[in-house]
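> Quick check, what structure comes out for this input:
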Amino acid sequence: QVLLVESGGGLVQTGGSLRLSCAASVRTFGSYAMGWFRQAPGKDRDFVAAISWTGGRTTYADSVKGRFTISRDNAKNTVYLQMNSLKPEDTAVYYCAADREYGSSMYYAYSYWGQGTQVTVSS
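The predicted model follows:
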């Protein structure tokens, strides 16, 4: 069982930055690839970014490339999402997810989920 708890969401103006954190309660954090997804009201849960077990590989949605950075600290059992140059269309609930396999952008490929953290970008 992997428990995930996100934090760091909030209200920010267009062009601003936020850093999301996701703390994992699991002994073998380094055995899990991690992902970030987001879901706006009335829309599907969309892939944002993923990172491999040691952080050597990352994948991003086209909509966030060059603005968002995913990273992890296995010593702290934490994955991060640094979000810069935020836009109103980035407004959503952001979820972190974990799975043994790396690389999928499909939400159903991930076995464990956090409760989400709200990010609101004002125009």
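
> shaky segments in the chain?
Filtered on pLDDT under 70, the chain yields no residues whatsoever.

> Geometric centre of it: which residue is closest?
W36 (2.4 Å; Cα atoms, centre = their mean).

> Surely it is in a strand?
Yes. Using DSSP: H, G, I helix; E, B strand; the rest coil, the assignment for W36 is a strand.

> ok now do the nearest residue to it once chain neighbours are set aside, which residues does it touch?
Sequence neighbours aside, V48 is the residue nearest to W36 in space, at 4.2 Å (criterion: Cβ to Cβ, 6 or more residues apart in numbering). Just so you know, the C-beta spots here come from the backbone N, C-alpha and C atoms, and that holds for glycine as well. Going by Cβ atoms under 8 Å, 6 or more residues apart in numbering, V48 touches G35, W36, F37, R38, Y60, A61, V64, F68, I70, L81, Y94.

> Which of the three states applies to the last one?
Okay, so that is Y94. Y94 - assigned by three-state DSSP - is strand.

> What is the neighbour count of it?
23 (other Cβ atoms under 10 Å).

> can you give me the helices for this structure?
In the chain, no helices are defined using DSSP state H.

> Cheers, nothing more for now.
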